[in-house]
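Novice: Just the structure for this:
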Amino acid sequence: MTDLEMDLTGKMLIAMPGIADGVFDHSLVYLCSHNAEGAMGLVVNRLTPEVGLKELLKQLEIPASAAAKAQPVYFGGPVELQRGFVLHSSDYTSKVNSLEVSEDLSMTATLDVLEDIAESKGPDKYLVMLGYSGWGPGQLEGEIAQNGWLTTDASFELLFEVPPDEKWQKALETLGVDAISLSAEAGHA
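Specialist: Next comes the predicted model:
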């Protein structure tokens, strides 16, 4: 198994300057799945300006308790923008189906998680997303080889405590990298 064939599930992808797809400019993506069939992740640092959680619950006709906070909704990626995903702490498991991504984090894409969040019965920590990011077999590995992405470990602090507009820079700092020093050109030895 080569370095680029390793399982990156549960890792963060940091978009490099000059990434070919402008949709991912300065994006930070949490990988929920990475295997021979491809990869699936959620952008964790870009908000949807159109809708917040209260508006989303209202559109879905889910009554929210007074305790339901005004939370942002994130742009999870350009695929299936009408579909919702919740990246959350593993203290919660959906009655229908949750994907355990790591020991600490799960992802749920069923309506019951939003119903539970609205009733203050959901996960302790969560990010609500519309859409996801997807790669076909070998596609992500190719983008990494072409200097499109850096990878780093995910942390609760980075995912849930750092403001969205600071996450990309903070992720770079976990690697000891200064954004000013990044190049859009791939180097070859």
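Novice: mind listing the helices for the protein?
Specialist: Residue ranges of the helices in the chain, as given by DSSP state H, are 53-59, 111-118, 139-145, 156, 167-174.
Novice: Quick check: which of those is nearest to residue 45?
Specialist: Closest to residue 45 of those, according to CB to CB: helix 167-174, at 3.9 Å. Every C-beta, even on glycine, is put in place using the N, C-alpha and C of the backbone.
Novice: Give me the contact list for the closest one.
Specialist: 12, 14-15, 26-28, 44-45, 150, 152-153, 155, 158, 162, 178-179, 182 (CB atoms under 8 Å, 6 or more residues apart in numbering).
Novice: List the residues that contact residue 26.
Specialist: 15, 45, 168.
Novice: What's opposite residue 34 in the beta bridge?
Specialist: residue 39 (DSSP bridges).
Novice: Show the pLDDT at it.
Specialist: On pLDDT, residue 34 comes in at 95.
Novice: And residue 26, by the same measure?
Specialist: pLDDT, residue 26: 90.
Novice: cool, residue 164 as well?
Specialist: Per the predicted model, pLDDT is 94 at residue 164.
Novice: Identify the residue spatially nearest to it, adjacent ones excluded.
Specialist: Computed as CB to CB, 6 or more residues apart in numbering, the closest residue to residue 164 that is not its neighbour in sequence is residue 45, at 4.7 Å.
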